[in-house]
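Chemist: no sequence on this one, just coordinates:
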């Protein structure tokens, strides 16, 4: 007797779902069964959304954010402040800043951060395009909005040096206590940065 | 200035992913971005797997387990024990039993369990087909492998009554301590069932 298993198409669907980030074998099975059995499931629409997104979404040549054939919603918006250019690690870092509404300038996504251990050097990031953009926009303020981890720090320092001779102002977003956080929950490094950055 | 957001196809993909069980807004965004940006991602293959599974996978008319045009891998397997019929709630309950290798008979998936609060009565479950199967297989042993919750109990009691007059033997899977579980972690009801079921 052969042990029964899901039919081959279900096994293949589970295998594809299992590859997604944060989806383990159990979740993949649960999602696959849900997609095939639940009345609210619509696998055809999901399949369509995947193909549409894959076919239509590209990366903006200028800023590195998501773009389509119709252009980039950030770079094409002439109502933004030309005097501010915010440098972030990933295209996904743009969204939290946009949602918060605290920034109204343009962006530049590096596509990562310097990380020698992962063999990611300056040539792997979109640093040359950044320098070119700065040359074309005199007196722009470059706001380095990189992560507060070791690689983020190293990348910020590298950029500060690379931009040093240019006609631009360089700032970094502040590090300190997160909103709602008490002193008792802050680690030593956060407290040190908060103290150093006092105004 | 309009706040930048993901291009429409990405927003739609995130919306579809968010509907999956166990996938929240954050995970949906993470999965969508991964699918579009990661070099190991293959959204087209996932899309294809979805369409294939949706098109090819059906439910076996006899047992309720997953089937394809080629048939049901359980019902078509003549090397199984005809004298044993295991009744489970869902088609997905078949897999754990098959993987454990403890059962070599046929299955009957009810498609749910009695649950008055959710308006699920006997007519919503595949009980009439079960009675018909039992009529066609004299002296079969019906093993009720339903959940150990209130609805599972109620369903088992209902089935035991419905099958009472038939030419079949009715058994239930045992309830008691789970393997590896100590007495100190068992709740009162589990201990009571374990004590009642002592051999």
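Modeler: Great, that's in hand. These figures come from a predicted structure and were not determined experimentally.
Chemist: Which segments of chain A make up each domain?
Modeler: Domain ranges of chain A: A:8-51, A:66-172, per automatic domain parsing.
Chemist: what is the mean pLDDT for the last one?
Modeler: If you average the pLDDT over domain A:66-172, you get 92.
Chemist: Distance from the chain centre to it, please.
Modeler: 11 Å (C-alpha atoms, centre = their mean, to the nearest Å).
Chemist: Would it count as contacting chain B?
Modeler: Yes. Domain A:66-172 is in contact with chain B by C-beta under 8 Å from any C-beta of the partner chain, via A:66-68, A:73-74, A:77, A:79-80, A:91-92, A:94-95, A:98-99, A:101, A:104. Quick note: C-beta positions are derived from backbone N, CA and C, even for glycine.
Chemist: how about the helices in chain A?
Modeler: All helices of chain A, identified by DSSP state H, fall at A:8-18, A:25-37, A:43-56, A:94-100, A:127-136, A:150-162, A:188-196.
Chemist: And the fourth one, what's buried?
Modeler: If I follow you right, that is helix A:94-100. By neighbour count on 16 or more other C-beta atoms under 10 Å in any protein chain shown, the buried set for helix A:94-100 is A:94-95, A:97-98.
Chemist: one step back: out of the residues of domain A:66-172 next to chain B, name the ones that lie in strands.
Modeler: A:66-67 (DSSP state E).
Chemist: Out of the residues of domain A:66-172 next to chain B, who's the most crowded?
Modeler: residue A:66 (27 neighbours; other C-beta atoms under 10 Å in any protein chain shown).
Chemist: so who does that residue touch?
Modeler: A:57-60, A:72, A:91, B:6-7, B:10, B:36 (C-beta atoms under 8 Å, 6 or more residues apart in numbering or on different chains).
Chemist: at 6 Å what do you get?
Modeler: By C-beta atoms under 6 Å, 6 or more residues apart in numbering or on different chains, the contact set of residue A:66 is A:57, A:91, B:6-7.
Chemist: Return the member of the buried residues of helix A:94-100 nearest to chain B.
Modeler: Nearest to chain B, judged by C-beta to the nearest C-beta, of these is residue A:98 at 4.7 Å.
Chemist: Is it correct that that closest one is in contact with residue B:3?
Modeler: Yes. Using C-beta atoms under 6 Å, residue A:98 is in contact with residue B:3, at 4.7 Å.
Chemist: what's in contact with stretch A:177-197?
Modeler: For stretch A:177-197, the external contacting residues (C-beta under 6 Å, 6+ apart) are A:174-176.
Chemist: Weed out the non-buried ones from those residues.
Modeler: Buried members of the contacts of stretch A:177-197, scored by 16+ other C-beta under 10 Å, are A:175-176.
Chemist: Kindly present the contacts of stretch A:177-197 as TSV, with separate columns for distance to chain B.
Modeler: Shown next, in TSV, are those (distance: C-beta to the nearest C-beta, whole Å):
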residue	distance to chain B
A:174	22
A:175	23
A:176	24
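Chemist: Closest to residue A:119 out of the contacts of stretch A:177-197?
Modeler: Using C-beta to C-beta, residue A:175 comes nearest to residue A:119 of the contacts of stretch A:177-197, at 27.2 Å.
Chemist: how about that closest one, what does it touch?
Modeler: Counting by C-beta under 6 Å, 6+ apart, residue A:175 touches A:148, A:193.
Chemist: Let me see the backbone angles for it.
Modeler: phi -110, psi 140 (degrees, to the nearest 10).
Chemist: Redo the contacts of residue A:66 as JSON lines? Include distance to residue B:143.
Modeler: Compiled in JSON lines, the contacts of residue A:66 are given as follows (distance: C-beta to C-beta, whole Å):
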{"residue": "A:57", "distance to residue B:143": "52"}
{"residue": "A:91", "distance to residue B:143": "55"}
{"residue": "B:6", "distance to residue B:143": "51"}
{"residue": "B:7", "distance to residue B:143": "54"}
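Chemist: so how many other residues sit close to the closest residue in space to residue A:172 that isn't next to it in sequence?
Modeler: Of all residues not flanking residue A:172 in the chain, residue A:144 sits nearest, at 4.6 Å (C-beta to C-beta, 6 or more residues apart in numbering or on different chains). Applying other C-beta under 10 Å, we find 20 residues neighbouring residue A:144.
Chemist: contacting residues around residue A:144?
Modeler: A:87, A:156, A:172.
Chemist: re earlier: find residues that contact each of residue A:98 and residue B:3.
Modeler: With C-beta under 6 Å, 6+ apart, residue A:98 and residue B:3 have no common neighbours.
Chemist: Please verify my assumption that residue A:170 contacts residue A:142.
Modeler: Yes. If you go by C-beta under 6 Å, residue A:170 and residue A:142 touch, sitting 5.0 Å apart.
Chemist: who's more crowded, these two?
Modeler: Counted by other C-beta under 10 Å, residue A:170 and residue A:142 do not tie: residue A:142 has more neighbours, with 22 against 18.
Chemist: hey, what's the more buried one bridged with?
Modeler: Note on residue A:142: beta-bridge partners by DSSP bridges are residue A:85, residue A:170.
Chemist: just checking, it touches residue A:85?
Modeler: Yes. Applying C-beta under 6 Å, one finds residue A:142 in contact with residue A:85, separated by 5.4 Å.
Chemist: any common contacting residues for those two?
Modeler: Counting by C-beta under 6 Å, 6+ apart, nothing touches both residue A:142 and residue A:85.
Chemist: burial of residue A:181, as a residue count?
Modeler: Residues near residue A:181, counting by other C-beta under 10 Å: 12.
Chemist: so how far is chain B from it?
Modeler: 20 Å (C-beta to the nearest C-beta, to the nearest Å).
Chemist: Need the winner for burial among the domains of chain A.
Modeler: With neighbours defined as mean count of other C-beta atoms under 10 Å in any protein chain shown, those peak in mean count at domain A:8-51, which reaches a mean of 18.
Chemist: The residue lying closest to residue A:23 once chain neighbours are set aside: what's it in contact with?
Modeler: Closest residue to residue A:23 apart from its sequence neighbours, by C-beta to C-beta, 6+ apart: residue A:17 at 5.7 Å. Residue A:17 sits next to A:23, A:28, A:31-32 when contact means C-beta under 6 Å, 6+ apart.
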